[in-house]
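Peer 1: here is my input, please return the structure:
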Amino acid sequence: MQFPVIKGASYFLTHAPTVMVHHGTTFTQEQANNGSSQFLKETKSHIRDYESVVGYPANQVFIGNMDPDELSRMERPWYDKGVEGAAVDGPYGGINNEAELYGWMKICDTFDLVALSSDFTARARDHLSVSRLVREEDLAKLGSGVDDEEIRKAVEEKGAEELRLGEELVGCVRAAHASDSNLAANVIFENLVTKSNAVVALRGLIVDLGVDPDSIDYIIEASEEACGDMNQRGGGNFAKAIGEIAWCKAATGSDTRSFCAAPAHALVNAAALVRAGVYKNVVVVAGGAVAKLGMNAKEHVAKGIPILEDCLGAFAVLVSDNDGVNPIIRTDLIGRHMIGSGASPQAVMSALVTDPLNRGGLTVLDVDKYSPEMQNPDITQPAGAGDVPKANLKMIGALGVMKGQLERAQLDEFVIKHGLPGFAPTQGHIPSGVPYIGFARDKISNGEMSRVMIIGKGSLFLGRMTNQFDGISFVMEKNPGEIGDEMAMGRDEIRRIVADSLRSMADRLIASD
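Peer 2: Take a look at the predicted model:
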């Protein structure tokens, strides 16, 4: 069976502290309910600068400059341990600043809803002109900017959303409709952030891997935002909007939604489309979630640590037909949380991990690394949510003990050997399995590993339509290096069967005579 392959992955972070304070749900709710709270007063002293964000060990892992195993050996917390010589760019992507974010939003603004001041436009052009992902036509889209008074009036008189760098007002995002709440300025702002983040990740994939953008046939977008108007609040299509700016003129696409599990669903869909021969090259892409910036900020401030949820995440993954080289996706070993699976941790992990492994005659020990919810414990533990990846690995190991695949005394060793430290920003869909794909591809390709399982999990009950949980998983495996024409093989087999049947019929007719 010729399985599809993962040809590459791209990961980008954008440091967005001002966006966090003005648009993150924790902050906007606090401002609305208790605008003079001690938390809001203390926030400023807990915000990290860009250099600290670049040097943060978990962020260096996210873009590929450090190995997760190296991070796991580093004593926690990590936020007080900067990486010496930390680079903005890495093998898998890079870390952008807030000024670059606003510039990208303008580049991705198709309806002229973003206004940047003349002074800031010049600065944004300087930032972006040195980027490997920016072309001259992108810089032309920045224009010359508008005067400060026009921005002030749009904000104060027309309800436009502010674009600030710290205390400095540098631009705004205007509403796209006078009365449609789904096209209000704050929604357009959030959607443009998601779109522009995803464009950066997709362009990064194309440029850094040397992919011909015209070879991309289909794009699946898997973020948590909704794009539409009053008649269809989540109609989409982020995928084609992103592809348009990322040079993918030959592609079509659609959006996939399932809360945090959406990227894993999208990758399975991509693999199925390629396996079926519908498309040769499918990209799964997602930008960050503005609302989730600073979700645990209150707990971080209360404990006297930096607010660590200050970065938007974005990724892009390329799934292609088998090239005999890159790691395959085992489409016959898909784990799925069914409607009747149950929501207990044991039921969830059984459906996602041990059930598909059993189908392939594999044990939990046959997977070199598991990548479930890669939430950063520096962020989650101070908020009382524990070490999420470690908890997942303990449950997988416990299932292995129950099935007699390892001894109880080996459980801690199993977690260390087969687990990963959480290194992704808590952006919901961003940490859900996908952050390790870049590492997995490289390690499987160079022979360090044979098999990795990517696990996406989601909380469907958040939408108040069902109490159900969600999840899906797939296995990445070393490519056996054999490529065949499966359809041709199938035709040959059919011809042989037909010929044998005809000969058999002829023999029976002769015998009857």
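
Peer 1: CA atoms for contacts and neighbours, from now on please.
Peer 2: OK.

Peer 1: checking my notes, Glu100 in a strand, right?
Peer 2: No. Glu100 is assigned helix when assessed by DSSP: H, G, I helix; E, B strand; the rest coil, not a strand.

Peer 1: gap between it and Asp126?
Peer 2: Counting by Cα to Cα, to the nearest Å, the gap from Glu100 to Asp126 is 10 Å.

Peer 1: ok, those two, which is more surrounded?
Peer 2: Glu100 (20 against 13; other Cα atoms under 10 Å).

Peer 1: contacts only, for the more buried one.
Peer 2: Residues in contact with Glu100 (Cα atoms under 8 Å, 6 or more residues apart in numbering) are Ala124, His127, Leu128.

Peer 1: quick one: which of these has the most company?
Peer 2: Ala124 (22 neighbours).

Peer 1: surely that residue is in contact with Leu101?
Peer 2: No. The criterion here is Cα atoms under 8 Å, and Ala124 misses it with Leu101 at 9.0 Å.

Peer 1: tell me where the stretch 1-150 of the chain is predicted with low confidence.
Peer 2: 1 (pLDDT under 70).

Peer 1: what segments of it are helices?
Peer 2: 17-23, 25-33, 38-42, 50-55, 57-62, 68-72, 98-107, 118-129, 136-141, 148-158 (DSSP state H, counting those that start in this stretch).

Peer 1: out of the ones you listed, which is closest to Lys369?
Peer 2: helix 68-72 (11.0 Å; Cα to Cα).

Peer 1: that closest one: which residues count as buried?
Peer 2: Buried residues in helix 68-72, counted by 16 or more other Cα atoms under 10 Å: Pro68, Leu71, Ser72.

Peer 1: from Val475, how far out is the last one?
Peer 2: Read that as Ser72. From Ser72 over to Val475 (counting by Cα to Cα), the distance is 23 Å.

Peer 1: surely Ile63 and Asn96 touch.
Peer 2: No. Here Ile63 does not reach Asn96: they are 11.3 Å apart, not a contact under Cα under 8 Å.

Peer 1: overlap in contacts of those two?
Peer 2: Both Ile63 and Asn96 are in contact with Phe12, Leu13, where contact means Cα under 8 Å, 6+ apart.

Peer 1: the helices in the stretch 351-500 of the chain, which residues?
Peer 2: According to DSSP H, counting those that start in this stretch, the stretch 351-500 of the chain carries its helices in the segments 355-359, 377-380, 388-402, 411-418, 437-445, 486-512.

Peer 1: let's see the fifth one as PDB, backbone CA atoms only.
Peer 2: What it means is helix 437-445. In PDB, the C-alpha atoms belonging to helix 437-445 read as follows (Å, rounded to 0.1, in the frame of the first residue of the first chain):
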ATOM      1  CA  ILE A 437       5.800  16.900  13.100                       C
ATOM      2  CA  GLY A 438       8.800  18.800  11.900                       C
ATOM      3  CA  PHE A 439      11.100  17.000  14.300                       C
ATOM      4  CA  ALA A 440       9.400  13.700  13.700                       C
ATOM      5  CA  ARG A 441       9.900  14.000   9.900                       C
ATOM      6  CA  ASP A 442      13.600  14.800  10.300                       C
ATOM      7  CA  LYS A 443      14.300  12.100  13.000                       C
ATOM      8  CA  ILE A 444      12.400   9.400  11.000                       C
ATOM      9  CA  SER A 445      14.100  10.400   7.800                       C
END
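
Peer 1: need the contact partners of that helix.
Peer 2: With contacts defined as Cα under 8 Å, 6+ apart, helix 437-445 is touched by 6-10, 64, 67, 92, 325-327, 449-452, 454, 476-479.

Peer 1: stretch 107-120 now?
Peer 2: With Cα under 8 Å, 6+ apart as the test, stretch 107-120 has contacts from 105-106, 138-139, 141-142, 144-148, 151, 170-176, 192, 195-196, 245.

Peer 1: could you give me the buried positions within that stretch?
Peer 2: Those buried within stretch 107-120 under the rule 16+ other Cα under 10 Å are Ile107, Cys108, Asp109, Leu113, Val114, Ala115, Leu116, Ser117, Ser118, Phe120.
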